[in-house]
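>>> next come a sequence and a model predicted from it.
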Amino acid sequence: MAILETTHKWAFTSTGTGKFQRLGPAQSVTFGMETSTGCTATIQVVHRMGTTSSPNSVLSTVNCTLADLVTDQFLGPLEFVAPRVTDKTSGSTASVTVYLRAV
């Protein structure tokens, strides 16, 4: 049975990069990217090695439509990961939530 190594949640109301999370020895990494009812967004999963200030690499780019959930999975170990919202519907009710589970 897999042991949960890391779980995290990021919430976005505008574009930008979330705080990087260290994954440790996790071998399987799953992101769930969810948009609110009135929101479309382009979201990248970015990765860094060494430190949280080192250059990053884009692992994937996904497009979420209105009230959508997109799942993206990777094999680890990955050192530091974060989501980056590069484009999003404007408005106070347009939000993006990104979930991380790593085992």
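Perfect, thanks for sending it.

>>> could I get the full set of strands for the chain?
Remark: strands assigned in the chain by DSSP state E are 6-12, 16-17, 21-22, 28-35, 41-48, 56-64, 69-75, 80-88, 96-102.

>>> mean neighbour count added to the ones you listed, as TSV?
Backbone N, C-alpha and C define where each C-beta goes, glycine included. Shown next, in TSV, are the strands of the chain (neighbours: other C-beta atoms under 10 Å):
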stretch	mean neighbour count
strand 6-12	15
strand 16-17	14
strand 21-22	16
strand 28-35	20
strand 41-48	20
strand 56-64	15
strand 69-75	13
strand 80-88	20
strand 96-102	20
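
>>> including mean pLDDT, could those go into TSV?
What follows is the strands of the chain, written out as TSV (pLDDT from 0 to 100):
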stretch	mean pLDDT
strand 6-12	96
strand 16-17	96
strand 21-22	94
strand 28-35	97
strand 41-48	97
strand 56-64	96
strand 69-75	96
strand 80-88	96
strand 96-102	97
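
>>> list the contacts for the closest residue to Leu69 other than its chain neighbours?
Counting by C-beta to C-beta, 6 or more residues apart in numbering, Leu69 lies nearest to Glu34, which is 4.7 Å off, once chain neighbours are set aside. Residues in contact with Glu34 (C-beta atoms under 8 Å, 6 or more residues apart in numbering) are 64, 68-70, 96-99.

>>> recalculate using a threshold of 10 Å.
For Glu34, the contact set (C-beta atoms under 10 Å, 6 or more residues apart in numbering) comprises 41, 43, 64, 67-71, 95-99.

>>> the spatially closest residue to Val81 that is not a sequence neighbour pairs with what?
Counting by C-beta to C-beta, 6+ apart, Val81 lies nearest to His47, which is 5.4 Å off, once chain neighbours are set aside. With DSSP bridges applied, His47 shows beta-bridge pairing to Ser57, Val81.
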